[in-house]
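Engineer: sequence first, then the predicted structure, then my questions.
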Amino acid sequence: MPIYLYKGYDIKTGANRKGKIEADSLRSARQKLRSKDKVIASEIKEEVAIKKGDKSGASFTLRQEKVTLPELSIMTRQFATLQRAHVPLDECLVALTNQVENRLLSNTLSAVKGSVSEGKSLAEAMHMNGHPRVFSRLYINMVKAGESSGNLGLVLERLADFLEYQVAIRGKIFSALTYPALMITASLGIIGYLFISVVPKLEKVFISLRVTLPPFTKLVMDFSKFLQNQWVLVLIGMGGLYFLLASWYKTEKGKNLADRMSLQAPILGDVVLRVNVSKFTKTLSTLLSSGVPIIAALEITKNIINNSLIANVLEESKIAVQEGEALWVPIDRSKRFPALVTYMIRTGERTGELEQMLRHVADAYDAEVERKIDSLISLIEPLMIIVMGVIVVGVVMALLIPMLSVMNQVR
């Protein structure tokens, strides 16, 4: 029998209650809580059982699964297709529940279907049963706007387009970072091999021949000994440094400084700015074209922007728009965005085509980001080769000088 996690409040006292309950279905769980435990559930979802380790089926562990962006994107595209084919909502949810492979997403859709059958709107059901682990505020607000306007199928198509765009952007960034990461790993591997394997062997030769070592060679030898004897300390130090930097970045001051440095960094700063501009314009365009009010759209967009400086500009813009200003004014005043962005927003507001103008900006910056990333990769490759070459040549020269000294003595 399925186990459900619930949150709610006591009918008599109004106190908050949460826990687990066994029931045949979501509806049965709600009825059981209300009649037996005197609890009205505000949120209820099935606990996911995942088999682990033991093939006989005797060993199980309960864990929270995760719905990936590609999985959500595919489900949304299927949902949009069904809605555009005028399939009833409850039948759409049943079909999606049976089609998706992710257990958490399947259970969430089943719970959403149960809430819809009880009279809730689709947006309310998604918020009750899948927010924030499955459905984001952006997702729920767009569904809400689609239901209000009677264009749920069209809004779901736009939402699917937006999610597919996010998947594509993440794929590009991952592909861009893969090559430099492999280069750095290979470089560190070669350098580590020189210091840990090659240098100690030659050091023994120099000692046996009683060669007087130059200061630079001694420095290389000492560093090699340190790596051999204190490699555990080195790993702990690197892990500690990563933990300290991660903790510092989580603070407001640390994140603001890191985000400011990322925008001001040579070459990389342009890429970071354009990625955030593309994300801002694409998200805001999608929300506005789906019927989400501009204040709510700015709030949602602000929350999905990773750079705190850009997010602060959007918060100030939201407040300014609430007070009656045009959107382009606080954007221009911030001096954070390129002039083209301000001009296009201004033109869009004047002509009543803000969504289209934002979409054009997003498309233009997507192409520019791709070009910038390609240029960055083309710079990283020779730079990494030069750095690795300098280190390797330095180590080789430090070892070669004593060897030449030995050869001269033999002559």
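Structural biologist: Noted; the coordinates are in hand. Numbers count the residues shown, from 1 in each chain.
Engineer: tell me which helix or strand Thr342 sits in.
Structural biologist: Assigned by DSSP states H and E, Thr342 belongs to helix 339-351.
Engineer: buried residues, stretch 241-255. List them.
Structural biologist: Buried residues in stretch 241-255, counted by 16 or more other Cβ atoms under 10 Å: Lys255. To be clear about C-beta, it is placed using only N, CA and C from the backbone, and glycine gets the same treatment.
Engineer: now stretch 183-202
Structural biologist: Those would be Met183, Ser187, Ile191, Leu194, Phe195, Val199, Leu202, for stretch 183-202 by 16+ other Cβ under 10 Å.
Engineer: mean confidence for the helix or strand that comes right after the helix holding Thr342?
Structural biologist: On the C-terminal side of helix 339-351, the closest following helix or strand by DSSP H and E is helix 354-410. Averaging pLDDT along helix 354-410 yields 81.
Engineer: next, the angle from helix 354-410 to helix 339-351.
Structural biologist: If you take axes from the mean of the first three to the mean of the last three Cα atoms, to 10 degrees, helix 354-410 sits at 170 degrees to helix 339-351.
Engineer: who does helix 354-410 touch, helix- and strand-wise?
Structural biologist: Judged by 3 or more Cβ pairs under 8 Å, 6 or more residues apart in numbering; DSSP states H and E, the packing partners of helix 354-410 are helix 152-193, helix 199-209, helix 215-229, helix 268-289, helix 339-351.
Engineer: and the ones you listed as a markdown table, adding mean pLDDT and distance to Met384?
Structural biologist: Converted to a markdown table, the helices and strands packed on helix 354-410 look like this (pLDDT from 0 to 100; distance: least, Cβ to Cβ, whole Å):
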| stretch | mean pLDDT | distance to Met384 |
| --- | --- | --- |
| helix 152-193 | 83 | 4 |
| helix 199-209 | 81 | 22 |
| helix 215-229 | 85 | 21 |
| helix 268-289 | 88 | 15 |
| helix 339-351 | 93 | 33 |
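Engineer: closest to Asn141 out of those helices?
Structural biologist: helix 268-289 (7.1 Å; Cβ to Cβ).
Engineer: end to end, how far does stretch 20-38 reach?
Structural biologist: For stretch 20-38, the first-to-last residue distance is 14 Å (Cα to Cα, to the nearest Å).
Engineer: in it, which residues are buried?
Structural biologist: Ile21, Ala23, Leu26, Ser28, Ala29, Arg30, Lys32, Leu33, Asp37.
Engineer: tell me if I'm right that the second one and Tyr4 touch.
Structural biologist: To tie it back to what came earlier, the one meant is Ala23. Yes: between Ala23 and Tyr4 there is a contact at 6.1 Å, judged by Cβ atoms under 8 Å.
Engineer: about what we covered before: pLDDT and distance to Leu309 added to the buried residues of stretch 20-38, as CSV?
Structural biologist: Shown next, in CSV, are these (pLDDT from 0 to 100; distance: Cβ to Cβ, whole Å):
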residue, pLDDT, distance to Leu309
Ile21, 79, 46
Ala23, 74, 49
Leu26, 72, 43
Ser28, 76, 50
Ala29, 78, 46
Arg30, 79, 45
Lys32, 81, 50
Leu33, 81, 46
Asp37, 77, 49
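Engineer: pretty sure Arg17 sits in a helix.
Structural biologist: No: in this structure, Arg17 is strand, not part of a helix, as judged by DSSP: H, G, I helix; E, B strand; the rest coil.
Engineer: give me the number of residues near it?
Structural biologist: If you count neighbours by other Cβ atoms under 10 Å, Arg17 ends up with 19.
Engineer: what about Met238, which helix or strand?
Structural biologist: Assigned by DSSP H and E, Met238 belongs to helix 231-250.
Engineer: and the next helix or strand past that helix?
Structural biologist: Beyond helix 231-250 toward the C-terminal end (DSSP H and E), the next one is helix 252-264.
Engineer: show me where pLDDT drops low in the stretch 51-200 of the chain?
Structural biologist: Residue ranges of the stretch 51-200 of the chain with pLDDT under 70: 51-65.
Engineer: quick one on the thing from earlier: now list whatever residues contact both of Ala23 and Tyr4.
Structural biologist: Common neighbours of Ala23 and Tyr4 are listed as Ala29 (criterion: Cβ atoms under 8 Å, 6 or more residues apart in numbering).
Engineer: still on that earlier bit, between the helix holding Thr342 and helix 268-289, how big is the angle?
Structural biologist: Using the same axes, to 10 degrees: helix 339-351 against helix 268-289 is 10 degrees.
Engineer: neighbouring contacts of helix 339-351?
Structural biologist: Helix 339-351 is touched from outside by 277, 281, 326-328, 331-332, 353-358, 360-361, 364, with contacts defined as Cβ under 8 Å, 6+ apart.
Engineer: put the alpha carbons of that helix into PDB.
Structural biologist: Extracted in PDB, the C-alpha atoms of helix 339-351 (Å, rounded to 0.1, in the frame of the first residue of the first chain):
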ATOM      1  CA  ALA A 339      22.400  50.100 -24.900                       C
ATOM      2  CA  LEU A 340      20.700  47.800 -27.400                       C
ATOM      3  CA  VAL A 341      18.600  46.200 -24.700                       C
ATOM      4  CA  THR A 342      17.400  49.500 -23.400                       C
ATOM      5  CA  TYR A 343      16.600  50.700 -26.900                       C
ATOM      6  CA  MET A 344      14.700  47.600 -27.800                       C
ATOM      7  CA  ILE A 345      12.700  47.700 -24.500                       C
ATOM      8  CA  ARG A 346      11.900  51.300 -25.100                       C
ATOM      9  CA  THR A 347      10.800  50.700 -28.600                       C
ATOM     10  CA  GLY A 348       8.700  47.700 -27.600                       C
ATOM     11  CA  GLU A 349       6.900  49.700 -24.900                       C
ATOM     12  CA  ARG A 350       6.100  52.600 -27.300                       C
ATOM     13  CA  THR A 351       4.800  50.300 -30.100                       C
END
